[in-house]
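Novice: following is a predicted model, sequence given first.
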Amino acid sequence: MAAPIETHRLRAIIGGSAGNLVEWYDWFAYASLAIYFAPRFFPEGDRTAQLLSTAAIFAVGFLMRPIGAWAMGIYGDRHGRKAGLALSVGLMFVGSAMIAATPTYESIGAAAPALLLLARMLQGLSVGGEYGASATYLSEMATPDRRGFYSSFQYVTLIAGQLAALAVLLVLQALLPEAALEAWGWRIPFAIGAVLALAVYLFRRRLAETAAFANIDRAAHPASSIRHLWRAHRKPAILLAMMTAGGSAAFYAYTTYLQKFLVNTTGFDRQDATLVTAGALFLFAAVQPLFGLLSDRIGRKPLLLAFGVLGMLVTVPVFTALKGADTLSEAFLLALIPLLALAPYTAVGAIVKAELFPAHIRTLGVALPYAIGNAAFGGTTEYVALWFKTQGLESGFYWYVTALIGVALTAFILVPDSKTASLIRDD
């Protein structure tokens, strides 16, 4: 019986975490290709105005995340984890397909940017619900002694999505001239994203439902809602938002912003900065399961505390040193330091959050505080960084990230070790 059971759990890992790959593939594809498709949707104004318009639509997608977390968190708690996973990636498919197929401003006028906005809103709703749905599903499908290991694959696939988008872009830049990329080539990555989302949707529809959801006694618990979350589970929700504020700010600072930092501050060209970032991200993804396994042995809290302390210690020195990095190898090693400090948190973040809430409100409890913390502090990281730079106080950003990690460290100290106090055990 062991082999069928393990096969069942392998399907759960793939199905529960694959949506993150699609989500982050799309995130990077939109951000990276904006320079090519912006003139097609916003022909008026100069290049900067066009990019600002596409960035505004991107920001709207980010703002939709808490709404998606609220709606889809409740949906997953009331209709099942499997149903929530399928709905989440289904919305991703619709959004990506719309971007790939929407005619340009030249063809349909103002309807073109309106459809682009609608597509990003759908994807924002999807992304908002995806984290809670996948974190809950993975944690509930795992055996008690391997929950940290299983949940770590959420970040493995998340980084894989970033790297996949990066690879597709590099291939297109190598194969197509600039004119072709601007005319129609930018649609290819979104078409690929739609195909990936459809494949994950079909796979998720065949997943098994978790026993934790099936065993919920509806008569004994109130229905999942924001009101019930705030009244009965306020403390873990606040602590989760605090963790996310520091963890998300650190993640965005060490990954997406770092690539721009290497170009705008250190002086590397874009290709070299991309290579440094991609190499560091690959190793960052590779160590996630190792820290997940370690948490199954020694508990979650030691790993959370390790990130809180190390993150506060290394952020300022690493960014300061990166300003003067002369070689790719030096930049790579420096970029890797904060990511390795962050990895203990990202490996166990999903399982820690899921283990804080009982089954009848678990998806909403994970999704909503995470989406709020991520939108408020993760999504604004690059804006804050660039604001400090324009004020001539770039080092202020390093201290800003350090302070937010301090907020997370406070939550890590206050939260119980969820490995021994897990509410999943009560399901």
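Specialist: Yep, that arrived.
Novice: show me what the lengthiest helix in the chain is packed up against.
Specialist: What stands out as the longest helix in the chain, according to DSSP state H, is helix 2-41. Counting contacts by 3 or more CB pairs under 8 Å, 6 or more residues apart in numbering; DSSP states H and E, helix 2-41 packs against helix 47-79, helix 81-101, helix 105-108, helix 111-141, helix 147-175, helix 187-204. Just so you know, the C-beta spots here come from the backbone N, C-alpha and C atoms, and that holds for glycine as well.
Novice: same list, these, but as a markdown table with mean neighbour count, mean pLDDT and distance to P358 please.
Specialist: Listed next are the helices and strands packed on helix 2-41 as a markdown table, based on neighbours: other CB atoms under 10 Å; pLDDT from 0 to 100; distance: least, CB to CB, whole Å:
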| stretch | mean neighbour count | mean pLDDT | distance to P358 |
| --- | --- | --- | --- |
| helix 47-79 | 20 | 81 | 10 |
| helix 81-101 | 23 | 93 | 14 |
| helix 105-108 | 13 | 89 | 49 |
| helix 111-141 | 25 | 89 | 11 |
| helix 147-175 | 21 | 88 | 16 |
| helix 187-204 | 21 | 94 | 24 |
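Novice: adding distance to A403, write the ones you listed out as JSON lines.
Specialist: Converted to JSON lines, these look like this (distance: least, CB to CB, whole Å):
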{"stretch": "helix 47-79", "distance to A403": "22"}
{"stretch": "helix 81-101", "distance to A403": "32"}
{"stretch": "helix 105-108", "distance to A403": "43"}
{"stretch": "helix 111-141", "distance to A403": "24"}
{"stretch": "helix 147-175", "distance to A403": "24"}
{"stretch": "helix 187-204", "distance to A403": "35"}
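Novice: which one of those helices lies nearest to A285?
Specialist: Proximity to A285 (CB to CB) singles out helix 147-175 among those, at 3.8 Å.
Novice: the closest one packs against which elements?
Specialist: helix 2-41, helix 111-141, helix 187-204, helix 270-286, helix 288-298, helix 328-354.
Novice: need the ones you listed in TSV (columns: distance to G246).
Specialist: Compiled in TSV, these are given as follows (distance: least, CB to CB, whole Å):
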stretch	distance to G246
helix 2-41	20
helix 111-141	16
helix 187-204	30
helix 270-286	17
helix 288-298	17
helix 328-354	8
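Novice: I351: which of the helices and strands packed on helix 2-41 is closest?
Specialist: It's helix 147-175; of these, that one is closest to I351 (CB to CB) at 3.8 Å.
Novice: tell me the angle the closest one makes with helix 111-141.
Specialist: 150 degrees (axes from the mean of the first three to the mean of the last three CA atoms, to 10 degrees).
Novice: next, the angle helix 187-204 makes with helix 147-175.
Specialist: Going by the same axes, to 10 degrees, helix 147-175 makes 150 degrees with helix 187-204.
Novice: how far does helix 147-175 sit from the chain's center?
Specialist: 11 Å (CA atoms, centre = their mean, to the nearest Å).
Novice: now swap in stretch 311-321 and tell me
Specialist: That offset, for stretch 311-321, works out to 23 Å (CA atoms, centre = their mean).
Novice: quick check: buried residues in it?
Specialist: G311, M312, V314, T315, V318, F319 (16 or more other CB atoms under 10 Å).
Novice: now it - C-alpha only, PDB.
Specialist: Written as PDB, here are the backbone C-alpha positions of stretch 311-321 (Å, rounded to 0.1, in the frame of the first residue of the first chain):
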ATOM      1  CA  GLY A 311      17.800  39.200   8.200                       C
ATOM      2  CA  MET A 312      18.200  42.200  10.500                       C
ATOM      3  CA  LEU A 313      22.000  41.600  10.600                       C
ATOM      4  CA  VAL A 314      22.800  41.200   7.000                       C
ATOM      5  CA  THR A 315      20.500  43.500   5.000                       C
ATOM      6  CA  VAL A 316      22.300  46.800   5.500                       C
ATOM      7  CA  PRO A 317      25.900  45.400   5.100                       C
ATOM      8  CA  VAL A 318      24.900  43.400   2.000                       C
ATOM      9  CA  PHE A 319      23.300  46.300   0.200                       C
ATOM     10  CA  THR A 320      26.100  48.600   1.200                       C
ATOM     11  CA  ALA A 321      28.700  46.100  -0.100                       C
END
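Novice: pull the residues that contact that stretch.
Specialist: 246, 250, 253, 261, 334-335, 337-338, 341-342, 345, 395, 397-399, 401-402, 405-406, 408-409 (CB atoms under 8 Å, 6 or more residues apart in numbering).
Novice: stretch 137-153 now?
Specialist: Contacts for stretch 137-153 (CB under 8 Å, 6+ apart): 9, 12-13, 15-17, 81-82, 84-85, 135, 154, 207-208, 210-213, 288-289, 291-296, 300, 347-348, 350-351, 354-355, 359, 362, 419, 422, 424-425, 427.
Novice: distance from the chain centre to it, please.
Specialist: The answer for stretch 137-153 is 18 Å, by CA atoms, centre = their mean.
Novice: F93 - nearest residue in space that isn't next to it in sequence?
Specialist: A197 (3.7 Å; CB to CB, 6 or more residues apart in numbering).
Novice: sorry, back to before: mind picking the two most distant members of the buried residues of stretch 311-321?
Specialist: Maximum distance among these (CB to CB): 13.0 Å, for M312 and F319.
Novice: restrict stretch 351-361 to CA atoms and write it as PDB.
Specialist: C-alpha atoms of stretch 351-361 as PDB (Å, rounded to 0.1, in the frame of the first residue of the first chain):
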ATOM      1  CA  ILE A 351       2.900  25.600   7.100                       C
ATOM      2  CA  VAL A 352       3.300  27.900  10.000                       C
ATOM      3  CA  LYS A 353       0.400  30.000   8.900                       C
ATOM      4  CA  ALA A 354      -1.900  27.000   8.100                       C
ATOM      5  CA  GLU A 355      -1.100  25.400  11.500                       C
ATOM      6  CA  LEU A 356      -2.400  28.600  13.300                       C
ATOM      7  CA  PHE A 357      -6.000  28.200  12.300                       C
ATOM      8  CA  PRO A 358      -8.700  25.500  12.700                       C
ATOM      9  CA  ALA A 359     -10.000  23.800   9.600                       C
ATOM     10  CA  HIS A 360     -13.300  25.600   9.300                       C
ATOM     11  CA  ILE A 361     -11.600  29.000   8.700                       C
END
